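S.K.: For reference, the sequence and a predicted model appear below.
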Amino acid sequence: MINLLERLKIELGLSYLFVAHDLSVVRHIADRVAVMYLGRIVEIGAADRVFETPAHPYTQALLSAIPLPDPVKERQRKRILLTGDLPSPADPPSGCRFRTRCPTFAAGLDENQRRRCLDESPALSGRDTPAPDQEVACHYPAPAAAI
């Protein structure tokens with residue numbers, strides 16, 4: 001089915017809005033990717049760029065969960081395991097919705113930076129991203145190499 005969608009996209013010049021949880025399929029079919037957390041886009045950009053240099057900590061955690069076909073690389077890589085409370089979408093936390101599970105918020109910020117995450121909802125921005133067409137909704141993005 002995925003190959004049929006890909007072929008039709010090329011032959012007929014179609015566009016799709018493809019919603020999925022399987023990031024391997026998304027990488028295969030998508031030209032652009034938007035990653036959502038609790039109903040908000042946290043990262044958006046060209047699929048290759050988002051998969052190769054994710055800037056949002058949630059995108060990084062998702063990509064670290066994709067199994068690698070090479071058993072040696074799979075054993076050597078480090079997965080990002082999210083801890084903390086999973087908030088209710090009906091009652092999201094103040095400020096950054098991801099902060100209750102964010103490894104950067106938990107261990108890498110001073111008190112003023114933490115206050116910003118508590119008080120301000122981050123807007124999508126292209127600053128501090130590796131590509132001009134990539135945007136991230138994070139006060140303190142840290143682009144990472146492919147995970």
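M.R.: Okay, I see it.
S.K.: Quick check: buried residues in stretch 10-30?
M.R.: Leu23, Val26, Ile29, Ala30 (16 or more other C-beta atoms under 10 Å). For the C-beta atoms, the positions are set from N, CA and C on the backbone; glycine is no exception.
S.K.: okay, which residue is most central for the protein?
M.R.: Of all residues in the chain, the one closest to the mean position by C-alpha atoms, centre = their mean is Thr59, 2.1 Å from it.
S.K.: for Pro122, what are its contacts?
M.R.: Taking C-beta atoms under 8 Å, 6 or more residues apart in numbering as the criterion, Pro122 is in contact with Cys96, Ala137, Cys138, His139.
S.K.: and it, backbone torsions?
M.R.: phi -70, psi 140 (degrees, to the nearest 10).
S.K.: May I have the predicted confidence score for the closest residue in space to it that isn't next to it in sequence?
M.R.: Excluding its sequence neighbours, the residue lying closest to Pro122 (C-beta to C-beta, 6 or more residues apart in numbering) is Ala137, at 4.5 Å. Looking at Ala137, its pLDDT is 96.
S.K.: Hmm, Ala137 is touching Met36, no?
M.R.: No: here Ala137 lies out of contact with Met36, judged by C-beta atoms under 8 Å, at a distance of 10.1 Å.
S.K.: Give me the more crowded residue out of those two.
M.R.: Ala137 (23 against 12; other C-beta atoms under 10 Å).
S.K.: Contact partners for the more buried one?
M.R.: Here Ala137 is in contact with Arg40, Ile41, Val42, Glu43, His56, Pro122, Ala123, Leu124, Ser125 (C-beta under 8 Å, 6+ apart).
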